[in-house]
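[1] Predicted structure and sequence below. I'll ask about it afterward.
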Amino acid sequence: MSDFPVTDRTRVRRLPDRGKYDADTVHRIIDAVFVSHVGFTIDERPFVIPVLHARDGDRLLLHGASSSRLLRHIAAGNPLCVCITAIDGLVLAKTAFNQSMNYRSVVIFGQGALIDDAEEKLRALAILTNRLVPGQWDHVRHPNPQELKATSIVAVPITEASAKVRSGPPKDDAEDQGFPAWAGVVPITQLLGAPVPAAYTDVAATVPDHIRAVVASHAAPPPGA
Ligand SMILES: Cc1cc2nc3c(=O)[nH]c(=O)nc-3n(C[C@H](O)[C@H](O)[C@H](O)COP(=O)(O)OP(=O)(O)OC[C@H]3O[C@@H](n4cnc5c(N)ncnc54)[C@H](O)[C@@H]3O)c2cc1C
């Protein structure tokens, strides 16, 4: 399935069977990961900067201080390459050559545009806030005019993108499978710990349900489970 055109830039060359170009796979990976690494070039020097992202349909929302170099550079419409990676396991093989990782990753090429319409900007901020914990926007003070001015939000259309996915066990050649080393996968899971209240939060106040819900859905299993 290929929802995104496979361009010369997005074609996965090495192990091409791991390449995916359908919007569903790309969107799921974006939604599973909090951090984008945004690559751009200034004066022929490459920079890669990590930021929080949120997806709004077929576009990626990024935000930051209006004064930040990254946001100003994106808002000016310069070309970007955004990389988003989830790591799922250490793949331990019997041979050094076949050590690997299980992963899901996305590469997006595009250009961002500033969201300056006030209503759209607030909506985008709500999406970014709810990216941390769904429902958070409804529990917090909304930005005042000064805070809104100090924040830039950009949208990057997700139209030229590739995903690459590795899953499953290590792949040693038949002649190495008798070698006396352990082979298998150590899963990597993203967990949320018990909420720690800020010093200025009433310690007697209970953690709100929407935060409890997201913690419960990513909590560590009990020991021995
Ligand atoms: C967690 C993790 C660890 C990795 N470790 C290594 C490593 O140690 N060494 C190594 O060589 N490779 C590693 N890879 C794979 C690496 O990301 C590239 O896929 C690999 O270098 C082969 O690229 P290529 O030559 O096929 O394509 P390139 O010519 O480099 O890329 C062509 C196009 O393919 C697409 N593409 C390539 N890789 C990805 C990707 N991972 N996700 C989405 N789109 C992609 C992009 O659109 C890119 O522009 C790792 C990947 C992940 C996610």
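    Structure's in. What do you need? All values reported here derive from a predicted model rather than from experimental measurement. Numbers count the residues shown, from 1 in each chain.

[2] From now on I want contacts and neighbour counts done on CA atoms only, so please keep to that.
    OK.

[3] how does this structure divide into domains?
    16-171+182-188, 191-225 (automatic domain parsing).

[4] does any part of the first one sit near the ligand?
    Spelled out, that is domain 16-171+182-188. Yes - for domain 16-171+182-188, a contact with the ligand is found by Cα under 6 Å from any ligand atom, at T85, I87, Y103, R104, S105, V106, V107, S162, A163, K164.

[5] so what's the last one up against?
    Taking Cα atoms under 8 Å, 6 or more residues apart in numbering, we find K164 in contact with V12, R18, G19, K20, Y103, R104, S105, V106.

[6] one step back: quick check: the farthest pair among the residues of domain 16-171+182-188 next to the ligand?
    I87 and S162 (16.6 Å; Cα to Cα).

[7] which one of those two has more residues nearby?
    Between I87 and S162, counted using other Cα atoms under 10 Å, S162 has the larger neighbour count: 28 against 17.

[8] Nearest to the spatial middle of this structure, which residue is it?
    V33 (3.2 Å; Cα atoms, centre = their mean).

[9] Please name the spatially closest residue to it (chain neighbours excluded).
    A86 (6.2 Å; Cα to Cα, 6 or more residues apart in numbering).

[10] I'd like to know which elements the strand or helix carrying R131 is packed against.
    Here R131 sits within helix 118-132, counting by DSSP states H and E. Applying 3 or more Cα pairs under 8 Å, 6 or more residues apart in numbering; DSSP states H and E, one finds that helix 118-132 contacts strand 45-56, strand 59-65, strand 151-157.

[11] Now do the last one against strand 59-65, angle only.
    Strand 151-157 runs at 160 degrees relative to strand 59-65, counting by axes from the mean of the first three to the mean of the last three Cα atoms, to 10 degrees.

[12] Skipping adjacent residues, who's closest to F109 in space?
    C81 (4.6 Å).

[13] Also A220?
    Nearest one to A220, counting by Cα to Cα, 6+ apart, is L191 at 5.9 Å.

[14] quick revisit: pLDDT on the helix holding R131, on average?
    Averaging pLDDT along helix 118-132 gives 97.

[15] Ok, stretch 179-196 next?
    So the average pLDDT for stretch 179-196 ends up being 96.

[16] Any idea what the residue nearest to F109 is bridged to?
    When assigned by DSSP bridges, C81 has beta-bridge partners G39, F109.

[17] what's the distance between it and S66?
    According to Cα to Cα, to the nearest Å, C81 stands 20 Å off from S66.

[18] again, but for D56
    Plainly put, D56 is 20 Å away from S66 if you go by Cα to Cα.

[19] and what of F4?
    Counting by Cα to Cα, the gap from F4 to S66 is 31 Å.

[20] P169 is nearest to which of the helices and strands packed on helix 118-132?
    It's strand 45-56; of these, that one is closest to P169 (Cα to Cα) at 30.0 Å.

[21] Would you give the sheet partners of the closest one, along with the direction of each?
    Checking strand 45-56 against DSSP bridges gives partners strand 35-42 (antiparallel), strand 59-65 (antiparallel).

[22] Could you say which of those is packed most deeply?
    Mean neighbours per residue, mean count of other Cα atoms under 10 Å, is largest over the strands paired with strand 45-56 for strand 59-65, with a mean of 20.

[23] That one versus helix 118-132: what angle between them?
    90 degrees.

[24] Cool, thanks, signing off.
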